[in-house]
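Enquirer: with the input below, show me the fold.
(one chain, ligands or ions: 2)
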Amino acid sequence: MLGIETSCDETGIGVVRGRTLLSDAVASSVDEHARFGGVVPEVASRAHLEAMAPTIERACGQAGIRLGDLDAIAVTAGPGLVGSLLVGTATAKALALGLGIPLYGVNHLAGHVVVDELEHGPLPDGCIALLVSGGHTSLVLVRGQGTDLHPLGATLDDAAGEAFDKVARLLDLPFPGGPWIDRAAREGAADAIDFPRGLMIGNDAARYPYDFSFSGVKSAVLRWIRKQQSEGAAISVPDVAASFQEAVVDVLTRKAIAACRDHGIDHLVLGGGVAANSRLRALAEERCAEQGIELRIPRPGLCTDNGAMIAALGAKLVSNGMPPSGLGFPTTSTLALSTVVSDEPAPSGVSSSQ
Ligand code: KG4
Ligand code: ZN
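Expert: Ligands and ions are numbered 1, 2, ... in the order given. Okay, the predicted model is just below:
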């Protein structure tokens, strides 16, 4: 199974056989976006076009296969940047047509869940997934071993990764800021500054038990920095990074564990770029152990966007006997979590962006 991922700024191509990872090649255009402080969609689309053929060659080479050896192809159909997605889906459709093999247009977020099977074996029938990336922050009830997703809650404003990237910018750290905050925080004190935890207390917590809000903590960091500057006081980047990071991962882990407890589920899966964060991994480990919850987190390279996760999901759909998408499936920038495999467009084509 060849997996093609182009939802944002990574051209990811992976090859799997069943649950065995054969190769995982990623070309990132992140450096081209750095000077803009965020991903520029048109730049990302063009970079995917340039990287696509060489990255497919690299992935097949590493896997020791030729295109003719493939049994099927899976590609991210959404959610993501529509121009970037179109490069991936057009490539996948052309390859599937040329090779005469089935094609699965799949949900990027389900890939972030199922990829864990490549490292830690089959998922149990019921688990809670915490998906945290630059574009998404969601708590999901996962059934059907990763192919039946029910959203429980999501961020009401910024995604967790977006908050990391924006706060990094306030601290003059490079883009994308998540890994830089992670690194700076190791030298700082997590209790140096008491930043707010969104939707954790009172009516907000009761009304939004599984939802998140990170714009408040981001604004609190900005206000704190301005106040220090106006008073001519020193700003310790490691302390701000550690205190901000603690506020975010505290909320993420508390809500994820509450979702497990409320649904009587004892498996938690973490996925998405922010799941590479060392403090999130450590705190989730600690709190899951206290609660008797088994924690599953892929290695950092499989948490950030990659093609192996899409290939893993495709292989899973084949083994579950799911029919392929057909060549007419739409590319949907807002693809809902509940749609794991994208199908032919409805006659009205309302949800299609293609
Ligand atoms: O899943 P991903 O690669 O792409 C999206 O689908 O968004 O996630 C990228 C996000 C960025 O916001 C990046 O800053 C964040 O993940 N990230 C991290 C870390 N590594 C990546 N955030 C915190 N700590 C990290 N170590
Ligand atoms: Zn992602």
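Enquirer: rest of the way, CA atoms for contacts and neighbours
Expert: Fine.
Enquirer: next, name the residue at the spatial heart of this structure.
Expert: Closest residue to the average C-alpha location of the chain: residue 272 at 2.7 Å, with C-alpha atoms, centre = their mean.
Enquirer: just the strands in the stretch 251-354 of the chain please.
Expert: 267-271, 294-296, 341-342 (DSSP state E, counting those that start in this stretch).
Enquirer: of the ones you listed, give the one that comes closest to ligand 1.
Expert: Closest to ligand 1 of the strands of the stretch 251-354 of the chain, according to C-alpha to the nearest ligand atom: strand 267-271, at 7.7 Å.
Enquirer: any residue of the helix or strand hosting residue 23 up close to ligand 1?
Expert: Secondary structure assigned from DSSP states H and E places residue 23 in strand 20-28. No. Using C-alpha under 6 Å from any ligand atom, strand 20-28 never reaches ligand 1; the gap is at least 9.9 Å.
Enquirer: adjacent strands (with direction) for that strand?
Expert: strand 10-17 (antiparallel) (DSSP bridges).
Enquirer: residue numbers of the stretch 101-250 of the chain in contact with ligand 1?
Expert: Residues of the stretch 101-250 of the chain found near ligand 1 (C-alpha under 6 Å from any ligand atom) are 133-135, 161-162, 164-165, 176-179, 182.
Enquirer: was I right about residue 327 contacting residue 103?
Expert: Yes. The pair residue 327 / residue 103 is scored as a contact, 7.2 Å apart, by C-alpha atoms under 8 Å.
Enquirer: find residues that contact each of those two.
Expert: Counting by C-alpha atoms under 8 Å, 6 or more residues apart in numbering, the shared contacts of residue 327 and residue 103 are residue 93.
Enquirer: more neighbours, the two?
Expert: residue 103 (26 against 19; other C-alpha atoms under 10 Å).
Enquirer: which residues sit in contact with the more buried one?
Expert: 72-75, 92-93, 96, 324-327.
Enquirer: can you lay out the residues you listed as CSV showing pLDDT and distance to ligand 1?
Expert: Formatted as CSV, those follow (pLDDT from 0 to 100; distance: C-alpha to the nearest ligand atom, whole Å):
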residue, pLDDT, distance to ligand 1
72, 98, 24
73, 98, 21
74, 98, 17
75, 98, 15
92, 98, 20
93, 98, 22
96, 98, 25
324, 96, 24
325, 96, 23
326, 87, 25
327, 93, 25
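Enquirer: among these, who's most crowded?
Expert: residue 74 (35 neighbours).
Enquirer: then the helix or strand hosting it to PDB, C-alphas only?
Expert: Assigned by DSSP H and E, residue 74 falls within strand 73-78. Provided in PDB are the C-alpha atoms of strand 73-78 (Å, rounded to 0.1, in the frame of the first residue of the first chain):
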ATOM      1  CA  ILE A  73      -2.900   3.400  -3.100                       C
ATOM      2  CA  ALA A  74      -4.300   5.600  -0.300                       C
ATOM      3  CA  VAL A  75      -4.200   9.400  -0.300                       C
ATOM      4  CA  THR A  76      -5.400  12.200   2.000                       C
ATOM      5  CA  ALA A  77      -8.700  13.500   0.700                       C
ATOM      6  CA  GLY A  78      -9.000  16.100   3.500                       C
END
